[in-house]
Every structure is written in structure tokens, then in C-alpha cells.
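Peer 1: Quick one, fold the following:
(chains A and B)
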Amino acid sequence: MYTDKKILSQKKTKIIAIMTNIMVILLFTFLLFNFWDIQIIKHHHFKLLSQKNIFREIEIKAPRGIIVDRNQTILAENKLDFSLFIFKENIKNLQETIEKAHLITGLDQQSIKNRMGKYEHSRASIRILLKKNLSLKEVVYIQSRALEFLEFEIEIEPTRTYPFQQHASHILGYVSEISSMELKLNENQNYKPGDEIGKSGIEKQYEHFIRGKKGTQVVIKDSFGRIQKQVSEKKPEIGSKIILTIDIELQKYIEDILKPHKGCIGVVELPSGEILSLVSKPNFNPEKFTTLIETKDWNTLINDPEKPLHNKFTQGLYSPGSVFKIVMALGGLQEKIITHSTRTFCSGSTWIYNRTFHCWTSFGHGLMNLTDALKNSCNIYFYTLGKKMDINTIDKYARLLGLGKKTRIGLPNEKSGLVPSPAWKASQLNQKWFPGETISVSIGGGLLNVTPAQILQLISTVALKGNLPQLHLIRGIENRGKIIGKFQPRFNKIPVEKKYFDAVIRGLFKVVNDNGTGRAAAVPGLDICGKTGTQQIISKENPDYRRLRKLKRFTPHSWFASFAPRNNPRYAVVVFVEHGGDAGEVAAPIAARIYKKLFQP
Amino acid sequence: MKNFWKYFDKLTFIVLITTTVFGIFLIYSASYTTDTSYFNKQIAWFAISLICFFLVFKIKTETLFRWRLTIFIVLLACLSILLLAGIITSGVRSWFRIGFMSIQFSEFIKIPLALIIAKIMAKNRLITLKPFLKIILAIAIPFGMIMLQPDLGTAFILTAFFMVLVFLKRIKFSILLVTILLMIGGSFLAWNYILKPYQKNRIISFMNPEKYSRSTGYQSIQSKIAIGSGGLVGKGYLKGSQSQYKFLPTRHTDFVVAVLGEELGFTGISFLFFLFFILFYRQFNIRTQTDEEFYFVYLFNGLILFQFSINVLMSIGLLPILGIPLPFVSYGGSSLLAFFIGEAIIFKIKINAYINEF
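Peer 2: Residues are numbered from 1 along each chain as shown, chains lettered A, B, ... in the order given. Below you'll find the model as predicted:
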């Protein structure tokens, strides 16, 4: 049993044991020192890191404030919808995630990729909204594969919805995902990529009130990114309610009337300046934009040559044509260049500044006073007046009556139009003013252009005999039942004597009721006053005039600006039909139908 | 029999039991949310280990030394069968399944290996080429087979024997020099031809964990966060966010120290170190009857010390992640059983020394 000779002496084993003990003590000292360093000295640092691991703050979308018409009919509200999100930090393999997303939603891989690309530099804990309006089938598909689809999450969120669909679309506007440009513009306003923002109309103009306050939710997530529990929640606050001046029933009625045409119509209540209807055709369905990457519909709307997103009423610039004769008449009277009885002879054409200028009828109107000149829309009368007034006086009165500047009706991207003057032409175009241009401007042509909204403001000012009303679309703003903003009617007194307005109104009354150019607008029992405008696209001097006029794009625009009744006016209506043809035949009868509806007992 | 109980090291035995029970609690915390079977299995293995501990006690130490080669060969044969079966089914496995338990043979190889090396060390005053090659061969065969499974960690642990050899014995200088050169060459070859990409990644990411925080360095960083966030007293048992929300990888095996550090803090860590310190102190400072017994004690405890150090250093990011469990604490029945058998032999050796004196 003891064949092995002992080679280890007691002393030797003792030395080995001591050496081993020293090594073990050194090891444990070293370990304790390191654990002390990590657990006690650097504890705070690691504690923060461990909290960063599990806690996630998730933003909760706030429902947008609702928009109602003057009778409290809801025009824009929110419905609850399933939305599909991707948790960026849960993505293991981007290509795989894109393929899965494609499988779930059917969206094509490229557009998913583009969408993810937008968030490339965002922080890792962000949620990327991928699709809204998920179908029940899609929801079930994702939920049943929760373990496989760790990076996906379904959330119930409010989505903008418009019960009247395409009706009043230019007033309401639409909402859509915020762009990188808008993010930059609205810095410090708590917008994040993926948020919705009003892009046009009231939705944009009153975004600040409508958007509401986002809520936040703090949750605990495990290492796979699955939400384990909710720690705290701050509920989102709904945005303010916007009460419009619009009457949606009237709006729908007028949209139907204008349906065969392109153009726009504005109806204002007097003297309050409240817009009852604002129609621009073609229009669009704002709900098309609330879904995210439906590129087909989106592109159709954006690239439509007819520009359905363009609000002709506030953004369209057109020559006012004969409607401008109202401005000429008021200016001429106030400056005492003419009186209501000043007469001019119309032979069908006249020779001014070495050029022939034509009236719209080659037969001529004969001897005309102001009333007759307005009734027949005689060009020769106003050419002569324009020559006497000169461009600077015309310019002054056009501006006094609200042309050349925004009406501030309350819609974004409104155009201000152009009232040309020699000074303007010299500075902007670096060109000399030709006297002949003054003659063109006298009948609402030349470089002069206006928006239909400005014409509505102009005709309202005439109806109110010198009080230029502030046109407006909203009556008030309400936050949780409390009125936080109310619109008070405002007027701007125009320095033109009342009697001169009376003189012009006499002419405008005859336009409709005395076999004038607007006779088609007449409604029995109603004292409607109005002015037609048929704005030629090509000159009558053009040798091909007769042939080209038949082509739609060379057909003149037709205007009809009007109000009723003559005394104590209640409404003003402006009808503009793009390439409509003769104003008396196209625009005036439309106005008649609107007045019938307005004065319906 | 009276003497037997008199000289039985009760304190060390209590330390072993405490460490294992402590480990079972940590395994429960690490796994109860996902799979409670780890906890149950570890309890079952603990019971088996205790039974085997006393069974091994019945065997005389000389008998074990006599049968060392036979045990060694039988275990190697089992490993070969596993390897061959793995090659045939093209899915390499390192364990046999018996009922709900699975046995990992590679864990047991260290016992006969320690017996063999101890014997060689006792026989030779100076380690010349022949005994040296014998030892190298004895280590290399199981090492190679385990590497083929592939189980880098378990194989790597066997190199502890070589270190104990260098520490305790005089080796001819020329042999040592050649060995060192060969090891450098070998690791170079291993890096280029043997190591799998994931194993290489672990080592690369160890050098720079922040850079690889989303991939391989992730585990190391999460472990450090767990331990650091535990602070002085920890977040409370079953309340560690790093372990409960699964930020810690292989919590019940390799990173059990991180679970402890997070939930019971520096206090818990100190308690664990205290247990191990007593174990090492009691098991290294012993008298033995024979040299081979002395060498066995140092070889086997050296291996425990080595494995303990690597596991703990790994969990605070001071060593790359090698997949090495903490002795007695981490989940793993075969490992626990092997350690208890080894300790049973050492307990027996300690009694032998006294009984011989009287």
C-alpha cells in the first residue's frame, strides 16, 4: 500500500499551503475591491443604466378638437382605429422586419423602407407608425404571432374623420404626417416625427388650438422589447372645438350646383361678414390623407392637373373683368371726375392713345350715363373714365376697396392679388408704364388680378355702403365647454361718400332687374343687385378669335358679384366659373338658384 | 466509525450545503418566470449529489487510485459514443438523456484525470519529458473531445490541472520553454482554424464591450449593469430588473453572480465570497497520508478555484465570456454531482490522515 516513497516533507507542504493561502487572499481582496468599485462607487451610474434598460416613455396621441358648422353639425371628428407601429429598438434585422411588415400590411417593401429611412437618426426607443386603419383580419394576424413579431405593436388611436367627406374640403383642409420641414418650423412645440399636423384649411390655420395636448405613458419593457407593465400614465387632452360660420346644408347645395363646372362660390351673411359657404371645385376627400402611405390616392391628388387641393376662392388669381367697373365708378364719383349723370357716347369702339379699343358689342350702346354704363357693362364709358382718372387714382381706390391685399378670411396661404401701378411695374418688372395699360385696367384687365374672396369683400362693401366687413370663417373656439375665443364683426370705413354707393347700387340693381347683363340672376320678389364680368382669355383682335373661343381653355371666365336685398342687404354672393363663358348666361343663373335657397321661407 | 464522525469536516460540509442551497435560490430567481423545471431539477440533482457523496465515502482512496485508468477510459468511451452519434445525426450533443435528467459526461472526466495526474506527480520528483508527456496526453485527449462537442468552457477548465502542475512541481526548464512556445503556436492555430466565429466574437468583444454593446459585448455590459445597480443591499430577492426582465443572458448558469449582485447587492456577494473563502481555506490547509492524495487535493481544489475565478471575473467584464458556470451555485446537475464526488474524496483523504495517526 505504501509503495510510493514520500517525496514531500511536512515543511514543504506547509510552504505550499502558505503560498496558496496568500494567493487565495490576494484573489478575494482583488475581487472584493472590484465589486466594491462597481456596486458602491459606480452604483449610481449603473443604476441609471439599468433604469434606462426597462423604462420607456410612450407618447399618447391627443385627439384633435372637433370642427362644427354654425348649427353644431359635426364636420370633422375622430374615430378610434387600429394603428400598426414598429418599435425601432426591437428591430433585429431591418430587411427581415421590412419583409414581415410587407407580409402583414401588403404595403410594398420600397415604401416601407423609405418610411423606416426617415427615422434612421431618431433615438432608438421611438415608435414608427407604419399603417393606420388596420383591418380586423390584420389585427388578429399580428396578435396571434406576437412572439414572432416582437418589433410590431398595435395601438388604438384616434384618427381624423370627416363625416361629409369631400364637402367643405377647402374650408376644413386636411391633416397628415408632419414633414421634416414643418418639424423645423415648429421647433419647441413638442412635435415629433410621425405626428399629425394640419396641412391646409382650418386644420392648418387653427392647428395650435385643434391639436390638443399629448399624453405620456411610462411602461416597463423586457429585453425583447415586450411591454411588461405600465408604471404611470398622463392622459392626453383633446384639442379645442372650432365653431365655423359655415352652414353645411347650404354648402352641400351649392357644391351640387357648381358640380358640372370648375370655379368657386362664396356666400357671406351681411352685415356680420360670416361666410356661410365657400365652395371651390374640383375639391378632394380629406380622409385620403389620414391614411399613411396610400401612395396611389395621394399621388393622384397631388399630381392631378386640375389641382383639387387648390382653393380657388382664396388662392386663385384672376382678372376681375367688368366687376372692376364698380371700383372705377366709385373712384370717379368720389374724385368728382364724373357725376351720376355724366354721359359718354359708345359707338362700339374708341380711339385712345393711338389704338382702337372695343366695347363688347360692336353695335355700340349709344349715349350712356353711369347707371346705364353699369347695367350694360359698357367698356367705352369706363375707358374714357379711366383715361381721365389715370392709373394712380385707379390704384388708390382699388386698394381702398381691399384689392391687392389679403382679406384675412382665416385660411392659410391666401393670395394678395395684384393692383399694378407705374411704381410697381418699375420696381418689379423694371419696365415703363404704357398709357394703354391704364385703359385695360379700367375694365378689369391688364396686369390686375384678384382673388374671388377680394371680390366678395368688395361687393359686401358696396352693399354696406362703405363699410368693408372683415370676412371670417369661425364664430368661436371652445375648450372643454368654455369659450376661449369669439369673433366680433369688424368693419373698415371706406372714405367714399354714401351717395356715391347709392349711385352705383342703382346701376347694379338695373344689371339684374332692368334687362341688364345679369338679368338671368333675377328672382321674382327679391331685389338682387349684381355685376357680371366676362373675362376674355384671348384678345378679340386675335385673327383666330372665333375658332379659339370655342376651345374650353380659351373660353372666358365668368364672374357674378351680387348682394340682396337692395335695402338692408342680408347676403352677398360671388360666383366665379372658370372658362364658363358668358357671365350673364353661366354665373348669373347660378346666383339666382343660391338666392332662392337663401330666401326660402 | 466513531473516529469517522469525529474527523469528518462538518464546517466545510455545512459550507458546501449552504452554497448549493444558496445557488438553488438564485436559480429560482433567475428562471421562475420562464421555466420552473431548472429549480426542480437542481433540487433533484442536489439530493442525488448528497447520496453519491456518502456512497463515495464508502470507497477506499487506494481503490479509486487503482481504478483511475478504467474510470477514465469508460468516460472517454461514453464521450466518443456521444461524438459519433452526433456526427451521424449531424447534431452534436454533449449529454445523455435519462428520464427528465440529462447527464453531461464531460463534467465527470476531471475526477479520474485528477487521480491520474496526482499519481504521476507523486511518482516523479522532477518532471522529466516522459511523465510530462503522459500528463499532457491525459489532459489533451478529453480536452480535444470536449472541444469537438464543442464546449469551449468545460474543455478550458481542464487547463487548471496544468497550472497546478507548474505551481507544485519542478519541471525541466527546457520542457517548460518548449511548452510555452507550443501553446503560443497552438492558440494561433486555434484562432485561425478551430475557433468558431461566435467564439472569436466573444473574445474580440471582450476587448471592447461598448463598441459591441448591441451584439456580443451586450452580455458583458448587461451583467455589469446588473451587479452595479444592485448597490450595497440589492434590489431585493426576485426584484432585480436586469434578471426579471431578461436583460441578463444565461442567468441560471454563467451569470448567476450577476443575479446575486443585483438582487442582494454587495452584501450578497460578500456572503458568497465568504463561503468560498472558508471552503478554500479548509480544503487547502490539510495534512495527507500520501503524496498522491496531497496532489489530488490541490489539483481538484485548484480546478474549483480556477473555475470560480473565471466565472466571477467574467461577470464583471474582466474576462471574456467563456460559458463557465460557478461551482456549486450555477444550474447544472452533472457539474454539481462531479464536484460533490470530488469533495467526497477530499473529505475522505482528510479523515485518512487522522485515522492513520491513531
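Peer 1: quick one: the top helix by length along chain A to chain centroid distance?
Peer 2: The single longest helix within chain A, with elements called by DSSP state H, is helix A:10-36. Relative to its chain's centre, helix A:10-36 lies at 80 Å (Cα atoms, centre = their mean, to the nearest Å).
Peer 1: Check whether the following helix or strand past it comes into contact with chain B.
Peer 2: Note on helix A:10-36: by DSSP states H and E, the next helix or strand toward the C-terminus is helix A:43-54. Yes - using Cβ under 8 Å from any Cβ of the partner chain, helix A:43-54 reaches chain B at A:His43, A:His45, A:Phe46, A:Lys47, A:Leu49, A:Ser50, A:Gln51, A:Asn53, A:Ile54. Bear in mind the C-beta positions are built from the backbone N, C-alpha and C, glycine included.
Peer 1: Dump those residues into JSON lines; add distance to B:Val256 as well.
Peer 2: Output for those, formatted as JSON lines (distance: Cβ to Cβ, whole Å):
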{"residue": "A:His43", "distance to B:Val256": "21"}
{"residue": "A:His45", "distance to B:Val256": "23"}
{"residue": "A:Phe46", "distance to B:Val256": "18"}
{"residue": "A:Lys47", "distance to B:Val256": "21"}
{"residue": "A:Leu49", "distance to B:Val256": "20"}
{"residue": "A:Ser50", "distance to B:Val256": "18"}
{"residue": "A:Gln51", "distance to B:Val256": "23"}
{"residue": "A:Asn53", "distance to B:Val256": "19"}
{"residue": "A:Ile54", "distance to B:Val256": "21"}
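Peer 1: what helix or strand does A:Val218 sit in?
Peer 2: Element membership of A:Val218 [criterion: DSSP H and E] is strand A:215-221.
Peer 1: which residue does the stretch 201-350 of chain B bring closest to chain A?
Peer 2: Nearest residue of the stretch 201-350 of chain B to chain A: B:Gly228, at 2.6 Å (Cβ to the nearest Cβ).
Peer 1: And for that residue, the neighbour number?
Peer 2: Using other Cβ atoms under 10 Å in any protein chain shown, B:Gly228 is surrounded by 28 other residues.
Peer 1: Need the nearest residue in space to it, chain neighbours excluded.
Peer 2: Distances taken as Cβ to Cβ, 6 or more residues apart in numbering or on different chains put A:Phe46 closest to B:Gly228, at 2.6 Å, once the chain neighbours are dropped.
Peer 1: try B:Val329
Peer 2: Using Cβ to Cβ, 6+ apart and skipping residues adjacent in sequence, the residue nearest B:Val329 is B:Gly23, 3.5 Å away.
Peer 1: For the helix or strand hosting that neighbour, what does the pLDDT average out to?
Peer 2: Element membership of B:Gly23 [criterion: DSSP H and E] is helix B:10-31. What helix B:10-31 shows for mean pLDDT is 96.
Peer 1: How about stretch B:276-289?
Peer 2: 94.
Peer 1: Go ahead and flag the most central residue of chain A.
Peer 2: Central residue of chain A (Cα atoms, centre = their mean): A:Ser200, 2.3 Å from the mean position.
Peer 1: And it, what's its pLDDT?
Peer 2: 93.
Peer 1: how close does the residue nearest to it when sequence neighbours are not counted sit to A:Ile459?
Peer 2: Take A:Ser200 and drop its neighbours on the chain: the residue closest to it by Cβ to Cβ, 6+ apart is A:Gly173, 3.7 Å away. Per Cβ to Cβ, to the nearest Å, A:Gly173 is found 26 Å from A:Ile459.
Peer 1: returning to what we had before: how many other residues sit next to the residue nearest to A:Ser200?
Peer 2: Neighbours of A:Gly173 under the rule other Cβ under 10 Å: 26.
Peer 1: wait, what's in contact with it?
Peer 2: Residues in contact with A:Gly173 (Cβ atoms under 8 Å, 6 or more residues apart in numbering or on different chains) are A:Gly198, A:Lys199, A:Ser200, A:Gly201, A:Ile202, A:Glu203, A:Lys204, A:Gln205, A:Pro286, A:Leu411, A:Pro412.
Peer 1: ok, so what distance separates it from chain B?
Peer 2: 43 Å (Cβ to the nearest Cβ, to the nearest Å).
Peer 1: related to what we said a few turns ago, helix, strand or coil for the residue of the stretch 201-350 of chain B closest to chain A?
Peer 2: Secondary structure for B:Gly228, judged by DSSP: H, G, I helix; E, B strand; the rest coil, is helix.
Peer 1: Up against chain B, what does the stretch 201-350 of chain A have?
Peer 2: Residues of the stretch 201-350 of chain A lying near chain B by Cβ under 8 Å from any Cβ: A:Ile220, A:Lys221, A:Asp222, A:Ser223, A:Phe224, A:Gln228.
Peer 1: want to throw those into a markdown table with neighbour count?
Peer 2: Listed next are these as a markdown table, based on neighbours: other Cβ atoms under 10 Å in any protein chain shown:
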| residue | neighbour count |
| --- | --- |
| A:Ile220 | 18 |
| A:Lys221 | 20 |
| A:Asp222 | 16 |
| A:Ser223 | 15 |
| A:Phe224 | 14 |
| A:Gln228 | 16 |
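Peer 1: helices or strands up against the longest helix seen in chain B?
Peer 2: Criterion DSSP H: the longest helix present in chain B is helix B:256-284. Applying 3 or more Cβ pairs under 8 Å, 6 or more residues apart in numbering or on different chains; DSSP states H and E, we find helix B:256-284 packed against helix A:10-36, helix B:10-31, helix B:217-230, helix B:241-244, helix B:291-315.
Peer 1: which is the next helix or strand following whichever strand or helix holds A:Ala398?
Peer 2: Using DSSP H and E, A:Ala398 maps to helix A:379-400. Sequence order places helix A:422-428 as the next helix or strand after helix A:379-400, per DSSP H and E.
Peer 1: Pull up the residues of the stretch 1-150 of chain B that are close to chain A.
Peer 2: B:Glu62, B:Ala122, B:Lys123, B:Arg125.
Peer 1: dump the residue contacts of the closest residue to chain B within the stretch 51-200 of chain A.
Peer 2: Closest to chain B within the stretch 51-200 of chain A is A:Ile54: 5.0 Å, counting by Cβ to the nearest Cβ. The neighbourhood of A:Ile54, defined by Cβ under 8 Å, 6+ apart, consists of A:Ile220, A:Lys221, A:Asp222, A:Gln228, B:Ser241, B:Tyr245, B:Phe247.
Peer 1: And the pLDDT at it?
Peer 2: A:Ile54 carries a pLDDT score of 91 in this model.
Peer 1: and what of B:Pro142?
Peer 2: Looking at B:Pro142, its pLDDT is 94.
Peer 1: How many residues are close by the closest residue to it other than its chain neighbours?
Peer 2: Nearest residue to B:Pro142, sequence neighbours excluded (Cβ to Cβ, 6+ apart): B:Ile109, at 4.6 Å. Residues lying near B:Ile109 (other Cβ under 10 Å) number 26.
Peer 1: Isn't B:Ile109 up against B:Val74?
Peer 2: No - applying Cβ atoms under 8 Å as the test, B:Ile109 and B:Val74 come out as separate, 10.3 Å apart.
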